[in-house]
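>>> no letters, just coordinates:
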């Protein structure tokens, strides 16, 4: 009998658009009044059975065979994307089936799990992009828009799930969730992301290079079978104190490997004079021989060597975590609009790539002619103003949902790929010029697990929820007498991007630091928030876990920046610019800085808040091709001690030694 595997293979030729969704608080907090919502006291099952036109009989059959019908007829919370009978007719015809009776039980289970999410999401409250929670198949679904011309000639926007499934019945509220009626079955792929790129006929040169450097086995990793979290921790959850409030914390149940791959279409290569693999090999050699002159000519024919120029080229395009949509690279728009002062800087994030000791900057221009998501850009917004005293540089733009149309499915079972509009390289210019800047790195990007799990920038109706982690990648615990979790992204959280990494208990953790882009003197800074529930922390930095050196005296997180006289924090109010600069210099000499003025708590700039500052952990010479580690150890025995780890900064001497801005 044919199985859903055939379904997965067939749908690879059908487009899938991925982008980020913004969930507003009202989505889960209350039922929605108004014409878009109908609340009848029905369950999801009642809604499907009671449809006056009998549009869902095929879907009901599938749900019952998959043994999920009972869940939908009882208490709970679901978003159900309900395909109509005509949607099933089209799907079955594509497979050569005459009825749903031809589907196997496994097919029915896959279809059911694809169309159900155990959370309530109203599509009218969401912007385009990935839904905040995975479906029962543990895959992210995405919302996008498509134009539709009515019979009278008017054009309307239709909301679509995974590009092809149009929502034709929006936000029907039921007692245990919400029903979204769709005109096509939602399609996901069961193939690895490597195979999805292989099937994309518009990216042949990139795939040939990807295949040549021998990363297929790496890109076909999926689940870590050695990882284990108890049922109580992952399903029931724990209540933990964090930031002065009780948090509901559920642990990530499974550790998965996933990838995001940035792909140049053939048209981009051809526009740059590259028409085949040999020409790309020559291009990569030119770029990386200049960027890494000590390695020039040593590994040219050793394609699998990580220092081979083509291997470096491809590896720099691979991120070791999954990002479903281009807008998911940075903070959610709702947080940006509430927290960022956009005239000072663009929303940004930094990610370590699959190329050893390399990093990319992704920034978002929110409006204007340049609106979009960019890699290794310099500048602020759509203006031509210089940044850090250097001229604007456009960078490489990540294709939007609409621009991916016709490129085929961009999602596999272990990740996504996104097209980019220019050639992406970690060149000497990018490393030593573009990334010669203060790099403010959100703590929720420091482990691939934080991103792949969906914990980073997760949105719910409550600010007091989080995803717990046991030994996340890039972290090591010296004891187990503490809890670590990523808070949901909320506009009520006093943190850089709304979310944050919280520690509670007698924590003593080691963290691998992101790399610096070039050799030189750098300051390592940590965000600082002082309040009574925190502890006293000693920081250590070293180039191996066995070679960690203490950095200064411990930081007393129990005191605000103004109450701790070792800091010297004073308000800017009623002071001249000269006096303000003198205070900043004195703080810097003591190893502290005020928080930036480019972010707010919704009302006040962080710089004005005496509870927030930056701790300069160390100033030292760091090498671009070495690993470095940070250890944070609580030095007072306190099982209830807290720490909010919000962001870190790498700042080069060229910036902090030349009148660094307050942003």
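Thanks, I have it. Keep in mind that this is a model prediction, so the values were computed, not measured. Residues are numbered from 1 along each chain as shown.

>>> in stretch 82-92, what's buried?
Residues of stretch 82-92 classed as buried: 82-84, 87-89, 91-92 (neighbour count, 16 or more other C-beta atoms under 10 Å). C-beta here means a position set from N, CA and C on the backbone, and glycine is covered the same way.

>>> and the residues you listed, which is closest to residue 495?
Using C-beta to C-beta, the shortest approach to residue 495 within the buried residues of stretch 82-92 belongs to residue 82, at 37.7 Å.

>>> tell me if the closest one really is in a strand.
Yes: under DSSP: H, G, I helix; E, B strand; the rest coil, residue 82 sits within a strand.

>>> how much space separates it from residue 124?
Plainly put, residue 82 is 17 Å away from residue 124 if you go by C-beta to C-beta, to the nearest Å.

>>> and the pLDDT for the nearest residue to residue 645 once chain neighbours are set aside?
Distances taken as C-beta to C-beta, 6 or more residues apart in numbering put residue 501 closest to residue 645, at 4.3 Å, once the chain neighbours are dropped. The model reports residue 501 with a pLDDT of 95.

>>> and residue 12, by the same measure?
For residue 12, the predicted pLDDT is 32.

>>> re earlier: packing partners of the helix or strand harbouring the residue nearest to residue 645?
Secondary structure assignment for residue 501, by DSSP states H and E: strand 500-505. Strand 500-505 sits against strand 238-242, strand 482-487, strand 642-645, with contacts defined as 3 or more C-beta pairs under 8 Å, 6 or more residues apart in numbering; DSSP states H and E.

>>> heading C-terminal from the last one, find the next helix or strand.
Past strand 642-645, further along toward the C-terminus, the next helix or strand under DSSP H and E is strand 647-652.

>>> partner strands of that following strand and their direction?
Partner strands for strand 647-652, per DSSP bridges, with pairing direction: strand 439-442 (antiparallel), strand 520-529 (antiparallel).

>>> quick one: buried residues of the helix or strand that it is followed by?
Remark: after strand 647-652, the chain's next helix or strand is helix 653-656, criterion DSSP H and E. Buried residues in helix 653-656, defined by neighbour count with 16+ other C-beta under 10 Å: 654-656.

>>> show me how far stretch 589-609 is from its chain's centre.
Here stretch 589-609 shows a centroid-to-chain-centroid distance of 25 Å under the convention C-alpha atoms, centre = their mean, to the nearest Å.

>>> how long is it from one end to the other?
The first residue of stretch 589-609 is 20 Å away from its last residue (C-alpha to C-alpha, to the nearest Å).

>>> what is the mean pLDDT for it?
94.

>>> quick one: buried residues of it?
Buried, per 16+ other C-beta under 10 Å, within stretch 589-609: 590-601, 605-609.

>>> out of the residues you listed, which are inside strands?
Counting by DSSP state E, the part of the buried residues of stretch 589-609 found in strands is 592-594.

>>> ramachandran angles for residue 87?
As for residue 87, its main-chain torsions (degrees, to the nearest 10) stand at phi -60, psi -40.

>>> who's in contact with it?
By C-beta atoms under 8 Å, 6 or more residues apart in numbering, the contact set of residue 87 is 165, 182-185.

>>> tell me the one of those nearest residue 395?
Among the contacts of residue 87, and counting by C-beta to C-beta, the member closest to residue 395 is residue 165, at 33.3 Å.

>>> what are the neighbouring residues in contact with the closest one?
Contacts for residue 165 (C-beta under 8 Å, 6+ apart) come out as 81, 83, 87, 182-187.

>>> show me the helices in the stretch 251-400 of the chain, by range?
Under the criterion DSSP state H, counting those that start in this stretch, helices of the stretch 251-400 of the chain are mapped to 266-271, 277-291, 309-315, 333-339.

>>> winner for burial among those?
Of those, the one with the most neighbours on average (mean count of other C-beta atoms under 10 Å) is helix 309-315, at a mean of 24.

>>> what does that one rub up against?
By C-beta under 8 Å, 6+ apart, the residues outside helix 309-315 that reach it are 206, 209-210, 212-213, 215, 280-281, 283-285, 287-289, 292, 299-300, 303-306, 353-356, 358, 425-426.

>>> buried subset of these, written for ChimeraX?
Those of the contacts of helix 309-315 that count as buried under 16+ other C-beta under 10 Å are selected in ChimeraX with:
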select :206,209,210,212,213,215,280,281,283,284,285,287,288,289,292,299,300,303,305,353,354,355,358,425,426
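
>>> quick one: which of the contacts of helix 309-315 sit in strands?
Secondary structure defined by DSSP E assigns none of these to strands.

>>> and this structure, what are its domains?
4-182, 201-222+257-437, 439-656 (automatic domain parsing).

>>> let's have those domains in CSV, adding distance to residue 193.
Below are these laid out as CSV (distance: least, C-beta to C-beta, whole Å):
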stretch, distance to residue 193
domain 4-182, 12
domain 201-222+257-437, 4
domain 439-656, 12
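
>>> quick one: which of these is nearest residue 245?
The closest of these to residue 245 is domain 439-656. By C-beta to C-beta, the value is 5.2 Å.

>>> now do stretch 327-339, average pLDDT.
Across stretch 327-339, the average pLDDT comes to 89.

>>> and it, end to end?
Start-to-end span of stretch 327-339 (C-alpha to C-alpha) is 17 Å.

>>> please identify the helix or strand for residue 516.
Residue 516 belongs to no helix or strand when assigned by DSSP H and E.

>>> which non-adjacent residue is nearest it?
Nearest residue to residue 516, sequence neighbours excluded (C-beta to C-beta, 6+ apart): residue 622, at 4.9 Å.

>>> so that neighbour sits against residue 628, correct?
Yes: shown here, residue 622 and residue 628 form a contact pair, counting by C-beta atoms under 8 Å, at 6.4 Å.

>>> find residues that contact each of these two.
Counting by C-beta under 8 Å, 6+ apart, residue 622 and residue 628 have no common neighbour.
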